[in-house]
Each structure stands twice: as structure tokens, then as C-alpha cells.
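Colleague: My questions concern the predicted model and sequence given below.
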Amino acid sequence: MPHLTSTTASVSSTGVRTALGIPGYAHPLVAPAQWAELARPGTPLDWVVLDVAGGPGTRPDPYCLEAAGRLRDVGVRVLGRLDLTYGARAVGDLLCDAHRYLDWYRVDGFLLDRCPTGRSALPEVRRAITTLRGTGDGVHIVLGHGGHPHPGYAENADQLVTFSGPWSDYRWSQAAEWTADYPPDRFCHFVHGVPLGHLDEALRIARWQGAATIYFTDRTDGGGRADPWETMPGYWDEIVSRIGTGVSE
């Protein structure tokens, strides 16, 4: 095996539904075809992140409003991106951005990106989550850690992003043992630089490690100079087909 697994490997044959979580494409004005593709009925999407301008922006954007509306019309959950800056962001600022997302784009929840992972930051993150949940009914909260955080975070959010990084790291990755205490739909993996020839392997790793929401792309970060998530992978049709039909065992 080219990678390590933990006790979560037992979920590989449980038949848990795998779906795509979209970290956030380029602005709909720049990438209209990609946003239109996301709204195609039957696409196996869990949610799509809307990042207008490093957050909700300073005024309503009609292109983003239209894109979000199309997704909602086909039953896709839309999340607004809120940057926690690893715990340095004030809750008041987060709440201001959250209300803009809700008022302007009617989002269904939030991705709290660059979320801290340590136990010491947990009370402040918990406070932010409690405040955000108070903005409406059924607010979906995803914590964008990018790695395995202290287990206490799992008690407060709907989902945690426990891996975000390159394929070269992912194929050797190992799930934290405590994740075995939770169902796969609590965890998300974002992996860039995945070659088409390794796509099935990447899907198997996600299942073995117990992550039901995934996003894999052949785009790379260019050594930290590019955003690998802003465009669709070159094998979009292939990954949609594999997930949509359950061909990943």
C-alpha cells in the first residue's frame, strides 16, 4: 500500500454516499460555464462555497446572486466563505460578513476557512459557531482546518475539512484515530495535483479514511503561486461519473 490507514479503513465497504464539496471557483463572471455546470441536475454535490471577494464583498454582486440562485433551484447547498485567519479574526467581523452573505445571497451556511486546530482556540471557535447558528434555522457549518484538529472541534460543527493539500502528501496520509468515532459524512478532503491515473486510488483513500465529502483536482498550486481550486479539474466528467454511480470501491 502506498499510504497508511487507521481504524477508519473499515468504512470502505459501508456504502456511504460520497459527494463533492466545491471549495470555491473563480468569480461567475470569469468562469460562467463552470458555475453553470455545477447547477446541472443530478450532479453529486454536497455543497458549493461562494467566495465573492475574500468574503461577501462590500456590495451585492448580481453575478454571484444569480449563480447562487441557480444552485439553490436544483437543491444544492451554498456556503459563504468566512476567513478565521487561524483564530485572529474577531467574532464581530465574522458576524458582519455572515449577515452580508445571508442578506445578499441567502446562503445555507458557512465554510470557516483557515480554522485553528489547537485546543486553546476551541472556546473562541465554539463561540463563533454558536453565534452563526443563531442567524437562522439549519445553518450548515464546515470548519476548514486543512488537517486533523483537536477532537473537540467535531462536537461543534457539521463537518470538518481534515485534509487540504497536494496528492504527494495525501497518498501517504493517515487519519487520526479519533475520527473513527464519527460517521464519514462529518469529514471532508480537498486534494490538488491528483493525476487522472490515480483518481480511483484517491477515492479509495478517502473511503478508507472515512471522508464522505471530497474534492479532487489535477490543478496544482504552482508552488504556492496559484489557487488550485478556482477552476474545474480536467477530468470533471470522470469524477462526476465515478461518484454518481458509486464506482470507487
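Modeller: Structure's in. What do you need? Residues are numbered from 1 along each chain as shown.
Colleague: What residues of stretch 203-222 count as buried?
Modeller: By 16 or more other CB atoms under 10 Å, the buried positions in stretch 203-222 come out as 203-219. (Each C-beta comes from the backbone N, C-alpha and C, glycine too.)
Colleague: Which other helices and strands does the lowest-mean-pLDDT helix or strand in the chain contact?
Modeller: Using mean pLDDT, DSSP states H and E, the weakest-scoring helix or strand in the chain turns out to be helix 236-245, at a mean of 91. In terms of contacts (3 or more CB pairs under 8 Å, 6 or more residues apart in numbering; DSSP states H and E), helix 236-245 is packed against strand 19-22, helix 199-208.
Colleague: Mind checking what secondary structure residue 53 has?
Modeller: coil (DSSP: H, G, I helix; E, B strand; the rest coil).
Colleague: residues touching it, list them.
Modeller: residue 61 (CB atoms under 8 Å, 6 or more residues apart in numbering).
Colleague: again with residue 26
Modeller: Contacts of residue 26 by CB under 8 Å, 6+ apart are 34, 230-231.
Colleague: Looking at these, spot the one nearest residue 137.
Modeller: residue 34 (30.2 Å; CB to CB).
Colleague: burial measure for that closest one, as a count.
Modeller: A count of nearby residues for residue 34, using other CB atoms under 10 Å, gives 17.
Colleague: Which elements pack onto the helix or strand where it lies?
Modeller: Here residue 34 is covered by helix 32-38, with elements defined by DSSP states H and E. Under the contact definition 3+ CB pairs under 8 Å, 6+ apart, helix 32-38 sits against helix 62-73.
Colleague: Return the list of strands paired to the following helix or strand past the helix it packs on, each annotated with direction.
Modeller: Per DSSP H and E, helix 62-73 leads on to strand 77-83 as the next helix or strand towards the C-terminus. Sheet partners assigned to strand 77-83 using DSSP bridges are listed as strand 45-50 (parallel), strand 109-113 (parallel).
Colleague: Can you lay out those as JSON lines showing mean pLDDT, mean neighbour count and distance to residue 133?
Modeller: Below are the strands paired with strand 77-83 laid out as JSON lines (pLDDT from 0 to 100; neighbours: other CB atoms under 10 Å; distance: least, CB to CB, whole Å):
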{"stretch": "strand 45-50", "mean pLDDT": "98", "mean neighbour count": "24", "distance to residue 133": "16"}
{"stretch": "strand 109-113", "mean pLDDT": "98", "mean neighbour count": "27", "distance to residue 133": "9"}
